[in-house]
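Trainee: test case, fold it:
(one chain, ligands or ions: 1)
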Amino acid sequence: MRGRPVRAEPYLDSLDSITGEVIGRFEVTTPAEVSRVVEHARGAQREWAPVRMSVRAKLLDRLAEVFKARRDEIAEVVTRENGKPLAEALFSEVLVSLDSIRWHASRAEQMLRPKRVGHHNPIFMGKRGRLEYEPWGVVAVISPWNYPIAIPVTSIVAAVMAGNAVVVKPSELVPWCGALLGELFDQAGFPVDLVQVIQGGGELGQALIEASPDKVIFTGSVATGRAVAEACARRLIPSVLELGGKDVMIVLSDADIETASSAAVWGSFTNCGQACLSVERIYVEPGVVDRFTELCFEKTKKLRMGSGLNPEIDVGPMIRSQQVERVERQLKDAVSHGARILTGGKRRPDLGACFFEPTVVTGVDSSMLLMQEETFGPVLAIQGVADAEEAVECANDSAFGLGASVWTRDSARGEAIARRLRSGAVMVNDVISCYGITEAPHGGRGASGWGRTHSRLGLLEMVQVKYVDRDVFPRGAKPWWFPYNRGLIEMAEGVFGTLFGAKAMDRGRAMVTAWKGYRKRRQ
Ligand code: NAD
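Mentor: The predicted model follows:
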């Protein structure tokens, strides 16, 4: 299986995640071409906006069929280019996408139906209000390499169901996945230019924002997110920013340690630790910390590294050597400040240039880069804490606030701690899977970004809310219009008393005052 080669230059190379060999070449869009792409998207959107929701849903159903039929091929492309094991590509890319497509197809219409707005204030009794949801127009989706299918697809389908056209800029590190995305939407029969994939690097992402789409959905690093936010602010383009994380796991002394340690190992090493929701800091209460560490050590030692195309492999390579260097730098800093590597901590050049062993570290603290910066690599870091209070304090002492988990047999205690964590999502007794729950909003606080994808809230990011109001008494001037006079002042006095009077009798008297003022006003 090879990516489709192109003769045109410039192009992006798709690299095999294991060998680094070029497995495909893909044509890039030059920044100069982007305004034309956005213009075409505008044209397609004008024709798409009036299309009935049931018709939009049918198109998504067809897309779901294409995903289902080509699931093995999609998974294989992801594994070859991104490196994650096939099982992960099937579950976290194809299944998450497919579920999101089906969910939007069956639920979006109901979620975007106009909603009646009731009025509590009797002054506005004669009005009938409602909320209507209108598409933004052209939505730009700029996505990273770590979940190259699921991340863009979940936003694209929400945008399209809401009546937008989409221009997608996948990461330059996964151009084959990017090209495949375009192909899947084409095969499903999406109208020309409704979903366009443009390929290129950061400068193309920048050019896309400069072409003034109506909304930007960005997923990526904090540094790029800041540049995107600035570029959007200059043009007053609203944005959703899904940025980095430093997710916490709090293990309480009553937790099921066997399960918690398996979760820690999976949560730290799935996608070789390159998930925004990866478990990156583990705080453990006394009493269980030794056993928990021992189990994490034993389970990590058993992980099998290699090519994700082999179904018996647990952990693949990292995406590029710069990523590996970041992990090495953080580990070096941690060790120089007293941390201890129990297992791993080394590259595996015998397997390929970007393999780094799953690593378990203890003796860490918040002064270390490893516990401050996003690691985005295969490191499981355990810090013993005095109690749950200290765990919560440590957890919240971070610029990031994306995901967290609490491990305990006492669900009330787990939920009480969940409420105190500064985090976009908290799971009690599970990790990461909230990303696959289509109804669960995904997004963070602080350096982890703003806005939400997935769920009803993610769908609402794809629309502008319009309040429409109809007056059931269309004839006659409103009492608060010009000209003003003393009667209106008296009426105001009466209205204040009627609405906010402390006792029923006061409110009754005020109503009379309001009525008298109204009469005077009309004389
Ligand atoms: P990145 O920031 O390097 O790139 C992300 C995308 O932005 C790419 O398509 C890139 O080409 C583009 N880009 C680069 N410069 C740009 C600019 N100036 N203007 C517009 N676009 C530009 O991120 P990455 O390395 O691809 O992804 C890893 C990061 O993404 C990690 O920090 C990870 O935590 C984060 N991430 C977050 C989530 C989430 O949902 N919160 C999900 C996945 C990944």
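
Trainee: burial count for the closest residue in space to residue 192 that isn't next to it in sequence?
Mentor: Nearest residue to residue 192 in three dimensions, chain neighbours excluded: residue 44, at 6.6 Å (CB to CB, 6 or more residues apart in numbering). Backbone N, C-alpha and C define where each C-beta goes, glycine included. Neighbourhood size, residue 44 [other CB atoms under 10 Å]: 21.

Trainee: tell me who's in contact with residue 44.
Mentor: 165, 191-194 (CB atoms under 8 Å, 6 or more residues apart in numbering).

Trainee: wait, a strand at it?
Mentor: No: counting by DSSP: H, G, I helix; E, B strand; the rest coil, residue 44 is not part of a strand but helix.

Trainee: need the per-residue pLDDT for it.
Mentor: With respect to pLDDT, residue 44 scores 98.

Trainee: three-state assignment of residue 280?
Mentor: Assignment for residue 280 (three-state DSSP): strand.

Trainee: what is the burial count for it?
Mentor: Residue 280, neighbours per other CB under 10 Å, totals 29.

Trainee: cool, and residue 234?
Mentor: Here the count is done by other CB under 10 Å, and residue 234 has 10 residues near it.

Trainee: so where's this protein uncertain?
Mentor: Regions of the chain meeting the criterion pLDDT under 70 cover residues 1-9.

Trainee: for residue 66, phi and psi?
Mentor: Torsion angles at residue 66 (phi, psi; degrees, to the nearest 10) stand at phi -60, psi -40.

Trainee: you'd agree it is up against residue 183?
Mentor: No: using CB atoms under 8 Å, residue 66 is not in contact with residue 183; the gap is 9.1 Å.

Trainee: with neighbour numbers in mind, choose between the two.
Mentor: residue 66 (19 against 14).

Trainee: from residue 94, how far out is the more buried one?
Mentor: Going from residue 66 to residue 94 by CB to CB, to the nearest Å gives 11 Å.

Trainee: now do residue 319
Mentor: In terms of CB to CB, residue 319 sits 19 Å off from residue 94.

Trainee: who's more crowded, these two?
Mentor: Comparing residue 319 with residue 94 by neighbour count (other CB under 10 Å), the higher total belongs to residue 319, at 26 against 22.

Trainee: pretty sure the more buried one contacts residue 17?
Mentor: Yes: under the criterion of CB under 8 Å, residue 319 makes contact with residue 17 at 7.1 Å.

Trainee: who touches both of these two?
Mentor: Joint contacts of residue 319 and residue 17 (CB under 8 Å, 6+ apart) are 82-83, 354.

Trainee: could you export these as TSV, including distance to residue 324?
Mentor: Listed next are those as TSV, based on distance: CB to CB, whole Å:
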residue	distance to residue 324
82	15
83	12
354	6
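
Trainee: and residue 495, how many neighbours?
Mentor: Around residue 495 there are 21 residues (other CB under 10 Å).

Trainee: kindly export the helix or strand where it lies (C-alpha atoms) in PDB.
Mentor: According to DSSP states H and E, residue 495 maps onto helix 486-500. Provided in PDB are the C-alpha atoms of helix 486-500 (Å, rounded to 0.1, in the frame of the first residue of the first chain):
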ATOM      1  CA  ARG A 486     -44.100  62.900  34.000                       C
ATOM      2  CA  GLY A 487     -46.600  60.200  33.400                       C
ATOM      3  CA  LEU A 488     -43.800  57.900  32.200                       C
ATOM      4  CA  ILE A 489     -41.700  58.700  35.400                       C
ATOM      5  CA  GLU A 490     -44.700  57.800  37.500                       C
ATOM      6  CA  MET A 491     -45.300  54.700  35.500                       C
ATOM      7  CA  ALA A 492     -41.600  53.700  36.000                       C
ATOM      8  CA  GLU A 493     -42.100  54.000  39.800                       C
ATOM      9  CA  GLY A 494     -45.100  51.700  39.600                       C
ATOM     10  CA  VAL A 495     -43.300  49.200  37.400                       C
ATOM     11  CA  PHE A 496     -40.300  49.000  39.800                       C
ATOM     12  CA  GLY A 497     -42.700  48.400  42.700                       C
ATOM     13  CA  THR A 498     -44.800  45.800  40.800                       C
ATOM     14  CA  LEU A 499     -41.800  43.800  39.700                       C
ATOM     15  CA  PHE A 500     -39.500  44.100  42.700                       C
END
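
Trainee: which helices and strands does that helix pack with?
Mentor: helix 504-522 (3 or more CB pairs under 8 Å, 6 or more residues apart in numbering; DSSP states H and E).

Trainee: who touches residue 243 in this structure?
Mentor: 219-222, 225, 276, 402, 444, 447-449.

Trainee: mind doing that once more with 7 Å?
Mentor: Contact analysis of residue 243 by CB atoms under 7 Å, 6 or more residues apart in numbering lists 220-222, 225, 444, 447-449.

Trainee: would CSV of those residues with distance to residue 262 and secondary structure be doable?
Mentor: Shown next, in CSV, are those (distance: CB to CB, whole Å; DSSP: H, G, I helix; E, B strand; the rest coil):
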residue, distance to residue 262, secondary structure
220, 30, coil
221, 29, coil
222, 30, helix
225, 32, helix
444, 25, coil
447, 29, coil
448, 26, coil
449, 29, strand
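
Trainee: who wins on neighbours among the residues you listed?
Mentor: residue 449 (29 neighbours).

Trainee: that one reaches residue 242, doesn't it?
Mentor: Yes: counting by CB atoms under 7 Å, residue 449 does reach residue 242; the two are 5.3 Å apart.

Trainee: tell me which residue of the stretch 101-250 of the chain lies closest to the ligand.
Mentor: Ranking the residues of the stretch 101-250 of the chain by distance to the ligand (CB to the nearest ligand atom) places residue 205 first, at 2.2 Å.

Trainee: can you give me the neighbour number for that residue?
Mentor: With other CB under 10 Å as criterion, residue 205 counts 27.

Trainee: isn't it up against residue 142?
Mentor: Yes: contact criterion CB under 7 Å: residue 205 and residue 142 qualify, at 4.9 Å.

Trainee: any idea how many residues pack against residue 470?
Mentor: Neighbours of residue 470 using other CB under 10 Å come to 10.

Trainee: what helix or strand is it on?
Mentor: Here residue 470 is assigned to strand 463-471, by DSSP H and E.

Trainee: helices and strands around that strand, which ones?
Mentor: strand 127-135 (3 or more CB pairs under 7 Å, 6 or more residues apart in numbering; DSSP states H and E).

Trainee: show me the chain divided up by domain.
Mentor: Under the assignment automatic domain parsing, the domains of the chain span 11-111+135-243+456-466, 247-434, 477-522.

Trainee: got a markdown table for those domains, with distance to residue 126 too?
Mentor: Formatted as a markdown table, the domains of the chain follow (distance: least, CB to CB, whole Å):
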| stretch | distance to residue 126 |
| --- | --- |
| domain 11-111+135-243+456-466 | 21 |
| domain 247-434 | 42 |
| domain 477-522 | 10 |
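
Trainee: so which of those is nearest residue 120?
Mentor: Residue 120 lies closest to domain 477-522 among those, at 9.8 Å (CB to CB).
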